[in-house]
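Visitor: just to be clear, the model below is a prediction. Sequence and coordinates:
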Amino acid sequence: MKSALQRRFENEGKSIEIFNPKNCQTVSMEFKVDKHVRAVGKLADRIEMKKGQEVSGLLVQKGFKHTLLEPEDPRTKTN
């Protein structure tokens with residue numbers, strides 16, 4: 001399987017490194033993900049987004065999506 005993956009990516013012109021751990025070997029992986037928050041409701045109406053600006057509100061997380069809103073808004077702005 002390792003050689004098949006290497007051939008596939010070589011054919012696409014991509015260079016990859018494949019790590020093949022032994023059974024029961026602990027593997028640690030780090031993922032770097034940019035997190036984005038969507039401002040909705042009254043909060044979105046009252047703020048001007050500027051880099052470095054601090055905003056306070058209620059942060060709601062559903063799956064991997066983050067929404068920031070006024071504490072009074074949750075019943076009307078969340079599913």
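Guide: Good, I have the coordinates. Numbering: from 1, shown residues only.
Visitor: list the contacts of the closest residue to K35 other than its chain neighbours.
Guide: Nearest residue to K35, sequence neighbours excluded (Cβ to Cβ, 6 or more residues apart in numbering): H66, at 6.5 Å. In this view, the C-beta of every residue, glycine as well, is placed from N, C-alpha and C. H66 is in contact with K35, H36, V37, R38, L59, V60, counting by Cβ atoms under 8 Å, 6 or more residues apart in numbering.
Visitor: specify the beta-bridge partners of H66.
Guide: Beta-bridge pairing for H66 (DSSP bridges): V37, Q61.
Visitor: what segments of the protein are strands?
Guide: 37-39, 58-62, 65-69 (DSSP state E).
Visitor: which strands and helices sit next to the first one?
Guide: Using 3 or more Cβ pairs under 8 Å, 6 or more residues apart in numbering; DSSP states H and E as the contact test, the elements touching strand 37-39 are strand 65-69.
Visitor: dump the strand it packs on to PDB, keeping only the CA atoms.
Guide: Output of strand 65-69 as PDB, limited to C-alpha atoms (Å, rounded to 0.1, in the frame of the first residue of the first chain):
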ATOM      1  CA  LYS A  65     -18.400  26.000  13.000                       C
ATOM      2  CA  HIS A  66     -18.200  28.900  15.400                       C
ATOM      3  CA  THR A  67     -20.800  31.600  15.700                       C
ATOM      4  CA  LEU A  68     -20.500  34.800  17.800                       C
ATOM      5  CA  LEU A  69     -23.700  36.600  18.800                       C
END
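Visitor: so that strand versus strand 58-62, what angle?
Guide: 160 degrees (axes from the mean of the first three to the mean of the last three Cα atoms, to 10 degrees).
Visitor: buried residues in strand 65-69?
Guide: T67, L68, L69 (16 or more other Cβ atoms under 10 Å).
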